[in-house]
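Undergrad: sequence unknown, structure follows:
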C-alpha cells in the first residue's frame, strides 16, 4: 500500500527475492512512482521537467508483473479478514501487507498557500515564481530552506519565517544552524527567526503578534503528518506514524516502510520515524525481505543518511542527530563553510554532518559511526 | 546473462551509498563526490552488490541493463 519510493522498493525486492505470486501496488497519486527530493531543487528551479522524476520506465514496471492501481487511496484495514478497503469501494485481500502510505504536509489556517510534497505542488509553485515575485516561506527546515534558495536563484524576493531562534537547531545544533542562517542572509533572503505565523491570508501571512507580511505567494513548509487515518480502527498502534518492531513489523505479515513507519532502530536503541529518501528504499527492501522470510527476519538497523542542496552548498548527514548533547567540528572550519561536525549523545557518536567536504573525509566518519557500540 | 551498468551522472547526488554497498564497482570523484563506475560490466560475483547499489541509490541514477 503506497506506490512511491518505499512501496516500489518493496515490490521490486519481493520479485528479486523470488516471490512469483500476485503482487498489487496501490498508490493514492495518479502518477507512476516518482522521486521527490528534486521537487524542491531541480523541478522548482525549472532545470528538469517532471518526466525526469520517474523512478522506473513503463517497461521496467511491466517487468514486475504488478496489479498497479494508481489514484486510489486506502480507507480501511481489516486485520482479521486480511483485506484493505479502498476509496473506490473495492476490497483487496492479502496474505502479506506492506504499508508505505507516507506523509502529507502540515498546513496552516487560511487558504491559498502552497505546500511541497507532490509533483503537482512543485509545478504549481514554480509557475508563480520569477524575478521580483514576493515569496514568503513559512518554516526554515530543509524543505523550506531549499525552496527559499531556489526562489532566490529565480530572482524572487524571499522572506523566510522560522519560529525557532536558529533554523534547524534541534536537528543540527545552534552553531551549524547559524551557518545555514548566514548563508541565506548573504544570498539576500530576509530570514526572520523567532516568528510564529498564525494564518495564511489573501495578501500574505499573519503573524502571531498580528503583523501582516505581504507576499504574492506563500509556501508552508512546517513539517508533515503521517498518513495513518485509514488505520485508525484497524487495531494497529498509531503514534506519529505506524508503530513497528525492529523488523519493521506492525503485526504478523504486516510491515511498514518509509516516511509513515515508526520503528525501533536497534543501532541507536531508539524508536524513530525517518523522512529521508534513502530510508524509504532501504526500509522498503527490508520490509519485503522480512515479510518473505519471517523465520529468518533481520532487524532493520540502518544508519540514516540525508542530503540537502542550498545555493552552492551541499549538506550531507549520517546518523541520528536529533537528541544529541554535543557538537564538535572535527574537520575544516565553520567560517570556511567546509567542515565535518560530529554529534554525540552521552559520549557516544550518533551522527556526522558535512558541508563541502570530499567523499573520503566523510567516509571515514561514516565507518566510525557504523562501528560505534550500541 | 551479463550485466551492464549505466550511470545517469547529472542525477547523481553524491550520496556515496553505491560505494558502501559495492566498493569494487563504484567510487566517487574527489572534487564533488559524484559516482564513478569502476567496472561497467561486473562479473557474476559482483552482480548482487551492483543490484543492491542500484536499489539503494537515493537518486535512482544507476541503471542496470541485464541481457
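TA: Arrived safely, thanks for sending. Since we're looking at a predicted model, the values are computed, not measured.
Undergrad: quick one: contacts for the nearest residue to residue B:19 once chain neighbours are set aside?
TA: Counting by C-beta to C-beta, 6 or more residues apart in numbering or on different chains, residue B:19 lies nearest to residue B:26, which is 4.9 Å off, once chain neighbours are set aside. The C-beta positions use only the backbone N, C-alpha and C, and glycine is treated the same way. With C-beta atoms under 8 Å, 6 or more residues apart in numbering or on different chains as the criterion, the residues that contact residue B:26 are B:18, B:19, B:35, B:36, B:37, B:38, B:53.
Undergrad: What of residue A:339?
TA: For residue A:339, the contacting residues are A:329, A:331, A:332, A:333, A:354, A:355, A:356, A:357, by C-beta under 8 Å, 6+ apart.
Undergrad: Filter the contacts of residue B:26 down to just the ones in strands.
TA: When the contacts of residue B:26 are checked against strands (DSSP state E), the matches are B:35, B:36, B:37.
Undergrad: circling back: closest to chain B out of the contacts of residue A:339?
TA: Sorting the contacts of residue A:339 by how near they are to chain B, with C-beta to the nearest C-beta, puts residue A:357 at the top with 8.8 Å.
Undergrad: surely that closest one meets residue A:331?
TA: Yes - Residue A:357 sits in contact with residue A:331 when judged by C-beta atoms under 8 Å, with a separation of 6.6 Å.
Undergrad: neighbour-wise, which of those two wins?
TA: Under the neighbour definition other C-beta atoms under 10 Å in any protein chain shown, residue A:357 and residue A:331 were set side by side, and residue A:357 has more, 19 against 16.
Undergrad: is the nearest residue to that one once chain neighbours are set aside in a bridge, and if so with what?
TA: Beyond its immediate neighbours in the sequence, the residue positioned closest to residue A:357 (C-beta to C-beta, 6+ apart) is residue A:340, lying 5.7 Å away. Applying DSSP bridges to residue A:340 gives these bridge partners: residue A:331, residue A:354.
Undergrad: since we're on residue A:340, how many residues are nearby?
TA: 20.
Undergrad: try the one 3 residues further on
TA: Here the neighbour count serves as a burial measure; for residue A:343 (other C-beta under 10 Å) it reads 27.
Undergrad: What's the mean pLDDT across whichever strand or helix holds it?
TA: For residue A:343, the element it lies in under DSSP states H and E is strand A:338-345. Per-residue pLDDT values across strand A:338-345 average out to 96.
Undergrad: for stretch B:38-46, same thing?
TA: Looking at stretch B:38-46 alone, the average pLDDT works out to 93.
Undergrad: List only those of the contacts of residue A:339 flagged as buried.
TA: Applying a neighbour-count criterion of 16 or more other C-beta atoms under 10 Å in any protein chain shown, the buried members of the contacts of residue A:339 are A:331, A:332, A:354, A:355, A:356, A:357.
Undergrad: can you list residues touching both of residue A:357 and residue A:331?
TA: Counting by C-beta under 8 Å, 6+ apart, the common neighbours of residue A:357 and residue A:331 are A:339, A:340.
Undergrad: for chain B, what's the longest helix?
TA: When chain B is scanned for its longest helix (criterion: DSSP state H), the result is helix B:44-56.
Undergrad: got the angle between whatever helix or strand comes next after that helix and helix B:44-56?
TA: Per DSSP H and E, the first helix or strand lying C-terminal to helix B:44-56 is strand B:62-66. Per axes from the mean of the first three to the mean of the last three C-alpha atoms, to 10 degrees, the angle that strand B:62-66 makes with helix B:44-56 is 140 degrees.
Undergrad: ok, strand B:62-66 near chain A or not?
TA: No - using C-beta under 8 Å from any C-beta of the partner chain as the criterion, no contacts between strand B:62-66 and chain A are found, and the smallest distance is 9.1 Å.
Undergrad: Just checking: what are the partner strands of that strand?
TA: strand B:3-7 (antiparallel).
Undergrad: Centre of the chain to the partner strand, how far?
TA: In terms of C-alpha atoms, centre = their mean, to the nearest Å, the centre of strand B:3-7 is set 7 Å apart from its chain centre.
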